[in-house]
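Engineer: Sequence and predicted structure, then a few things I'm wondering about:
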Amino acid sequence: TAAKYEFGKVIGRGGMGEVTVATDRFLRRNVAIKTLLTPDRPDVRAKFLHEAKLTGQLEHPNIVPVHEVGTDADGRPFMAMKRIKGRSLRDILRSLADGTPTGLELDDVGDTTAGAVSGMTRLTARSRSRRSQPLVIRPNVRHAPDPEPEEPNEPDPLLVLNKLLDAFKKVCDAAAYAHNRKIIHRDIKPANIMVGEFGEVQLMDWGISKVHGKPELAAMDESGEAFVLPDLEGLRTGHGTVKGTPAYMAPEQARGEIDKIDHRTDIYALGGVLYSILTLEAPIERGNPQEMLARAARAQFVRPSERAPNRVIPRELEAVVMKAMHRDPKSRYQSALELRGEVDAYLHGRMLNAAKYAAWELVRRWARRHRRRLVLTLVALPIAIGLAFGGIYFGFRSIHEARVRSEEQRLARAEAVIAETEAEREESARELSQARLIQAGLRYREARSRRVEAEKLTFDPERPESWFEAWIPNLLELAQAIRISPVTSLTNTLQSFAH
């Protein structure tokens, strides 16, 4: 019952209900109490109880838990939920569009909770002139004001986008869980996505959700007439055949084709949320509610890059948006996890199925995906090349040195053979010379003996032939000795004639 709670300030109010901060008297924990302001309307009461029952059945980290459902002293239904301190994704995107800091302070942010009603007006206005740290997801810690405050630093666009994409993946997780339970949200938009001060992300407002394959709540469809009310997004959730926010509404939902609404309707809306993250605008521009609904029915929106030409929009993420928001449900992603996988692939530098790549882009993506390995390779490659060239150099050097040593050994052997041959030749020459000396000596002795015989003869002029016959053989022997050993024989001959 409501008596167990100490009610505090009202942090949000809408056409049907209000959200109040409260404290559980027994557990002493802070909660958010969402109370229905018009309990007498059966359709509104049925919607409220439907939301409470369905939300209570969805137990997921990215779906706000419902602690209790009851009635207060005035008979108004209420539900107690987890209190979340943070901001809606819509407020974060607006801060980025306005160029104001996206960080939050606990005072002026107001306690945005899981019980925020669709289209609820925040009672605590955020001061645009306040200075805070430019964080994207987590709120800031308050600092003492400086005497001369400086302009806040511009947040890093890449860091902002990455953090928003991380939050978007958590929304996909929540939607995938609900789809697994055959529950369709039908009103996914930045205003229904809350980002807590510690990075927690909650998909809010399940008031018009539908169980696939089951009929609508009868009390909600009795009028048979669609009507919408304007809010800060352009259009609010309405009651009747057409339910949802036209700026993020799938064509089949905008046309009121209830039998064609399934989990791919939510995927279209998730694509619209990603569209807003990239452009800081809703997919369908503000205008007359009926005109917006007509454009939603035709999926008539411009590409993100055309909608926000001054923003840097990754081509791959634009391809993801266009696939998720395809007019034909069969051409969209067929599950929220598939959509989440594409965003995760982008964040990790992998290729996306929705994008087309040129050859150089494939190389760049591969390099980005394997950045650490590539850096290590670039560092190790010169070392490996140096070692390889060093090994080749020293290998060739050792081969060259071996060849030089082999050549030197061959030359040494050749020189040894030449030296040996020369020695043998000299030895042969000496032996030949010695033999010639012996032969010349024999010739000389023979000539000398003949000389002795010739000297016994006396020259007879009348018979000179006998004298010549004795001396001519002597002279012939001397000539043979001189021919055999000219120097030695001539010396002996001269000595012989001298005597």
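Structural biologist: Cool, got the structure. Residues are numbered from 1 along each chain as shown.
Engineer: Return the helix or strand in the protein with minimum mean pLDDT.
Structural biologist: The helix or strand of the chain with the poorest confidence is strand 121-122; it has a mean of 32 (mean pLDDT, DSSP states H and E).
Engineer: Now the element after that strand, going C-ward?
Structural biologist: Counting by DSSP states H and E, the next helix or strand C-terminal to strand 121-122 is helix 157-180.
Engineer: Only the C-alpha atoms, please, for that next one, written as CSV.
Structural biologist: This file holds the C-alpha atoms of helix 157-180, laid out as CSV (Å, rounded to 0.1, in the frame of the first residue of the first chain):
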residue,chain,number,x,y,z
PRO,A,157,32.9,13.9,-30.9
LEU,A,158,34.3,10.4,-31.3
LEU,A,159,34.1,9.8,-27.6
VAL,A,160,30.5,11.1,-27.5
LEU,A,161,29.5,9.0,-30.4
ASN,A,162,31.1,5.8,-29.0
LYS,A,163,29.4,6.4,-25.6
LEU,A,164,26.0,6.9,-27.2
LEU,A,165,26.5,3.8,-29.3
ASP,A,166,27.3,1.8,-26.2
ALA,A,167,24.0,3.1,-24.7
PHE,A,168,22.2,2.2,-27.9
LYS,A,169,23.5,-1.4,-27.7
LYS,A,170,22.0,-1.7,-24.3
VAL,A,171,18.6,-0.5,-25.7
CYS,A,172,18.9,-3.2,-28.3
ASP,A,173,19.6,-5.8,-25.6
ALA,A,174,16.4,-4.7,-23.8
ALA,A,175,14.3,-4.8,-27.0
ALA,A,176,15.8,-8.3,-27.9
TYR,A,177,14.8,-9.6,-24.5
ALA,A,178,11.3,-8.3,-24.9
HIS,A,179,11.0,-9.7,-28.4
ASN,A,180,12.1,-13.1,-27.1
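Engineer: mind listing the strands in this structure by residue range?
Structural biologist: Using DSSP state E, the strands found in the chain span residues 5-13, 17-24, 30-36, 66-71, 77-82, 86-88, 121-122, 183-184, 193-196, 201-203, 210-211.
Engineer: With residue 452 as the reference, name the closest of those strands.
Structural biologist: Nearest of the strands of the chain to residue 452, taken as Cβ to Cβ: strand 201-203 at 145.6 Å. For every residue, glycine as well, the C-beta is placed using N, CA and C.
Engineer: Just the residues contacting that closest one, thanks.
Structural biologist: 62-64, 84, 114, 167, 170-171, 174-175, 178, 185, 188, 192-196 (Cβ atoms under 8 Å, 6 or more residues apart in numbering).
Engineer: Residue 418: neighbouring residues, count only.
Structural biologist: Neighbour count of residue 418, defined by other Cβ atoms under 10 Å: 10.
Engineer: Comparing the strands of the chain by mean pLDDT, which bottoms out?
Structural biologist: Among the strands of the chain, strand 121-122 has the lowest mean pLDDT, at a mean of 32.
Engineer: just to revisit the earlier point, need the strands of the chain in CSV with distance to residue 295 and mean neighbour count, can you?
Structural biologist: Compiled in CSV, those are given as follows (distance: least, Cβ to Cβ, whole Å; neighbours: other Cβ atoms under 10 Å):
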stretch, distance to residue 295, mean neighbour count
strand 5-13, 29, 16
strand 17-24, 30, 21
strand 30-36, 32, 24
strand 66-71, 35, 17
strand 77-82, 34, 23
strand 86-88, 24, 24
strand 121-122, 26, 14
strand 183-184, 22, 23
strand 193-196, 23, 25
strand 201-203, 25, 26
strand 210-211, 23, 18
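Engineer: Need the ones you listed in CSV (columns: distance to residue 437).
Structural biologist: Converted to CSV, these look like this (distance: least, Cβ to Cβ, whole Å):
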stretch, distance to residue 437
strand 5-13, 140
strand 17-24, 141
strand 30-36, 137
strand 66-71, 138
strand 77-82, 133
strand 86-88, 128
strand 121-122, 138
strand 183-184, 133
strand 193-196, 125
strand 201-203, 123
strand 210-211, 137
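Engineer: Would you mind telling me which of those is nearest residue 413?
Structural biologist: Per Cβ to Cβ, nearest to residue 413 of the strands of the chain: strand 201-203, 88.4 Å.
Engineer: Pairing partners for that closest one, with directions?
Structural biologist: strand 193-196 (antiparallel) (DSSP bridges).
Engineer: how far away is residue 415 from residue 37?
Structural biologist: Residue 415 is 119 Å from residue 37, where distance means Cβ to Cβ, to the nearest Å.
Engineer: of the two, who's got more company?
Structural biologist: residue 37 (15 against 10).
Engineer: thinking the more buried one is in contact with residue 18, fair?
Structural biologist: Yes. Using Cβ atoms under 8 Å, residue 37 is in contact with residue 18, at 6.2 Å.
Engineer: between these two, what contacts are shared?
Structural biologist: Counting by Cβ under 8 Å, 6+ apart, nothing touches both residue 37 and residue 18.
Engineer: How many neighbouring residues does the closest residue to residue 181 other than its chain neighbours have?
Structural biologist: Nearest-residue entry for residue 181: residue 58, 6.8 Å, with adjacent residues in sequence omitted and distances by Cβ to Cβ, 6 or more residues apart in numbering. Neighbours of residue 58 under the rule other Cβ under 10 Å: 20.
Engineer: The one 3 residues further on now?
Structural biologist: Residue neighbour count, defined by other Cβ under 10 Å, stands at 12 for residue 61.
Engineer: One more: residue 270?
Structural biologist: 30.
Engineer: residues contacting it?
Structural biologist: Per Cβ under 8 Å, 6+ apart, neighbours of residue 270: 168, 171-172, 175, 188, 324, 336, 339.
Engineer: Let me know the distance separating residue 417 from residue 427.
Structural biologist: Counting by Cβ to Cβ - residue 417 and residue 427 are separated by 15 Å.
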